[in-house]
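J.: Curious how this folds, go ahead:
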Amino acid sequence: MQIHFIAIGGSAMHNLALALHHKGYIISGSDDVIFEPSKTRLADKGLLPPEFGWYPEKIHTGLDAVILGMHAKPDNPELLKAQELGVTIYSYPEFLYEQSKNKTRVVIGGSHGKTTITSMILHVLNYHNIAVDYMVGAQLDGFDRMVHLTEENDFIVLEGDEYLSSPVDRRPKFHLYKPNIALLSGIAWDHINVFPTFENYVGQFRIFVDSIVKGGSITYNEEDLEVKKVVEASENAIRKLPYRTPEYTVEDGQTLLETPEGPMPIEIFGKHNLSNLAGAKWICQNMGVDEDDFYEAIATFSGASKRLEKIAESKSCVVYKDFAHSPSKVMATTNAVKEQYPDRKVIACLELHTYSSFNADFLKEYKGALDAADEAVVFFLPESVKIKKLKEVTPAQISEAFERDDLKIFTESEAFKEFVFGQNYDDSVLLLMSSGNYGGLDLKAVKRLVEG
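T.: Just a heads-up that it's a prediction; the model follows:
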């Protein structure tokens with residue numbers, strides 16, 4: 001098959017391009033800008049466009065399909081040409097469904113935890129040499145790509161994102177997968193630029209649950225009241241399988257999971273991650289993995305990329321970075337670190353970077369999110385607010401939203417860097433949280449500072 005990607009450089013799109021190239025498809029693509037690591041990974045396989053920009057002449061009737069990425073605009077010249085010629089156009093999720101129509105589709109949904117749960121499942125299956133197709137939102141140890149597609153595998157495991165499918169298809173991605181086996185981890189208002197009210201956001205998860213194939217199953221976090229309400233109210237003819245956080249203890253910085261064979265040390269930590277583990281366990285068992293085999297494999301799982309990732313450690317200090325940016329994720333991550341290191345000073349630094357976090361009405365959702373930290377810092381760049389064409393956000397608004405009198409707020413990159421490099425890190429934990437790059441903070445220099 002011959003497939004053309006419009007906006008091939010995105011994280012998800014370039015991984016799908018690599019997967020289809022690996023499958024033997026003929027791949028072409030365009031984009032107006034491509035950043036690392038996408039650029040090098042595409043170049044290594046000969047898939048990097050020879051020049052950046054949009055070229056309608058790349059679109060022709062010899063193409064089997066065009067896949068349209070979110071980075072493209074509705075008036076993209078290549079898209080208009082494809083529409084004019086009647087070439088089949090897929091959004092990213094539509095194409096994944098097309099590739100998996102004859103497989104058992106396992107879809108992991110939720111406002112938080114879905115990347116980690118999907119990663120856990122794939123880690124366990126890979127550990128036991130069980131081959132499946134997959135799509136996950138992070139690069140995993142032991143996996144070449146974030147997407148893998150075959151003709152022969154019976155299962156496909158999909159991370160079910162609730163964000164939009166494409167510039168011309170405003171449906172959430174996870175509405176299109178029609179799962180046989182589904183999981184719902186949690187519901188906490190996100191993407192307010194698309195879902196302006198909490199009720200509107202929750203409604204997307206109702207549609208997801210109702211999209212599960214008749215006779216299928218939903219494994220759901222019964223400790224999340226919104227999830228519980230959504231699942232239990234659904235009249236879809238599916239099995240409803242609740243899960244909850246398993247028993248665990250923390251001893252000398254080591255988390256021990258209670259199992260039928262007794263306490264078992266694991267590499268991940270935090271209540272939210274133990275909850276994720278419980279969900280992953282039930283999905284793996286639905287896929288035929290024995291409980292004992294799950295525990296054996298999960299003991300070696302060290303986490304998904306950018307999710308509570310340890311980037312430096314010395315005898316007196318540990319540094320973690322985390323993708324956390326929404327209020328619920330920030331709170332869960334900060335609480336997890338303090339629980340794991342109760343006798344250390346936890347310095348939590350959050351960069352506000354997303355559309356939602358710069359919305360004055362949404363800011364109040366961050367109340368208490370950093371309370372578990374001994375020292376709390378918020379960093380944001382006013383230029384980022386301007387780029388997103390939003391109203392000005394002031395330090396006073398942020399201080400009021402977090403409701404923490406000793407909150408330190410930085411609005412300049414240099415001032416934030418001076419703070420980070422000016423701290424005494426004896427007997428402490430530094431937690432960096434952002435979906436951005438902390439104003440260009442040199443993480444290698446942070447590592448050298450801590451490890452000497």
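J.: you'd agree N126 is up against V136?
T.: No: using C-beta atoms under 8 Å, N126 and V136 do not qualify as a contacting pair, with a distance of 11.5 Å. In this view, the C-beta of every residue, glycine as well, is placed from N, C-alpha and C.
J.: Of those two, give the one with the bigger neighbour count.
T.: It is V136, of N126 and V136, that has more neighbours when counted by other C-beta atoms under 10 Å, with 27 against 17.
J.: In contact with the nearest residue to the more buried one once chain neighbours are set aside, which residues?
T.: Excluding the flanking residues, the one nearest V136 by C-beta to C-beta, 6 or more residues apart in numbering is T118, at 4.6 Å. T118 sits next to 108, 134, 136-137, 157-159 when contact means C-beta atoms under 8 Å, 6 or more residues apart in numbering.
J.: now swap in P49 and tell me
T.: 8, 28-31, 34.
J.: For the spatially closest residue to T61 that is not a sequence neighbour, what are phi and psi?
T.: Excluding its sequence neighbours, the residue lying closest to T61 (C-beta to C-beta, 6+ apart) is L85, at 5.6 Å. In terms of degrees, to the nearest 10, the main-chain angles of L85 are phi -80, psi -10.
J.: count of neighbours near L85?
T.: Residue neighbour count, defined by other C-beta under 10 Å, stands at 13 for L85.
J.: my read: I3 touches L20, true?
T.: Yes: with contact defined as C-beta under 8 Å, I3 reaches L20; the gap is 5.9 Å.
J.: Tell me, what's the model's pLDDT at the residue nearest to V136?
T.: Looking at T118, its pLDDT reads 97.
J.: Just the element for it, please.
T.: helix 114-127 (DSSP states H and E).
J.: Just checking, which helix or strand succeeds that helix along the chain?
T.: Beyond helix 114-127 on the C-terminal side, the first helix or strand identified by DSSP H and E is strand 133-135.
J.: Would you mind measuring from G436 to I387?
T.: Separation of G436 from I387 (C-beta to C-beta, to the nearest Å): 12 Å.
J.: Can you tell me the SS state at the closest residue to S384 other than its chain neighbours?
T.: Spatial nearest neighbour of S384, chain neighbours left out: H353 (6.5 Å); criterion: C-beta to C-beta, 6+ apart. Classification of H353 by DSSP: H, G, I helix; E, B strand; the rest coil places it in coil.
J.: which residues touch H353?
T.: By C-beta under 8 Å, 6+ apart, the contact set of H353 is 325, 380, 384, 434-436.
J.: measure it to K389 for me?
T.: Distance from H353 to K389, by C-beta to C-beta: 15 Å.
J.: which regions of the stretch 351-452 of the chain lie under the pLDDT threshold?
T.: 388 (pLDDT under 70).
J.: Now do the helices in it.
T.: 382-387, 395-402, 413-421, 443-451 (DSSP state H, counting those that start in this stretch).
J.: swap in the stretch 201-350 of the chain?
T.: 225-233, 271-286, 291-298, 327-340.
J.: Quick one: the strands in the stretch 1-150 of the chain, in order.
T.: Secondary structure of the stretch 1-150 of the chain by DSSP state E, counting those that start in this stretch: the strands cover 2-6, 26-30, 65-68, 89-91, 104-109, 133-135, 147-148.
J.: any idea which of these is most buried?
T.: Highest mean neighbour count of these: strand 104-109, a mean of 27 (counted as mean count of other C-beta atoms under 10 Å).
J.: So what are the sheet partners of it and their directions?
T.: Applying DSSP bridges, strand 104-109 is found paired with strand 155-160 (parallel), strand 181-184 (parallel).
J.: Spatially, what comes nearest to the residue sitting nearest the centre point of the chain if we skip its sequence neighbours?
T.: Geometric centre of the chain, nearest residue: T115, 4.6 Å, by C-alpha atoms, centre = their mean. Ranked by C-beta to C-beta, 6+ apart and with sequence neighbours excluded, the top spatial neighbour of T115 is G137, at 4.6 Å.
J.: Which residues outside the helix or strand bottoming out on mean pLDDT in the chain are in contact with it?
T.: Every helix and strand in the chain was compared by mean pLDDT, DSSP states H and E; the lowest is helix 382-387, with a mean of 80. Here helix 382-387 makes contact (C-beta under 8 Å, 6+ apart) with 353, 358, 391-393, 411, 436.
J.: now, the most widely separated pair of the residues you listed?
T.: Greatest spacing in these, by C-beta to C-beta: K391 and G436 (19.7 Å).
J.: which of those two has more neighbours?
T.: The neighbour comparison of K391 against G436 (other C-beta under 10 Å) goes to G436, with 16 against 10.
J.: doesn't E351 make contact with that one?
T.: Yes: G436 is within contact range of E351, at 5.3 Å (criterion: C-beta under 8 Å).
J.: Identify the residue spatially nearest to R404, adjacent ones excluded.
T.: Spatial nearest neighbour of R404, excluding adjacent residues (C-beta to C-beta, 6+ apart): A376 at 5.7 Å.
J.: contacting residues around the one you found?
T.: Shown in contact with A376 (C-beta under 8 Å, 6+ apart): 348, 350, 370, 402, 404, 406-408.
J.: Nearest to F419, out of those residues: which one, please.
T.: Comparing the contacts of A376 against F419 with C-beta to C-beta places K408 closest, at 7.1 Å.
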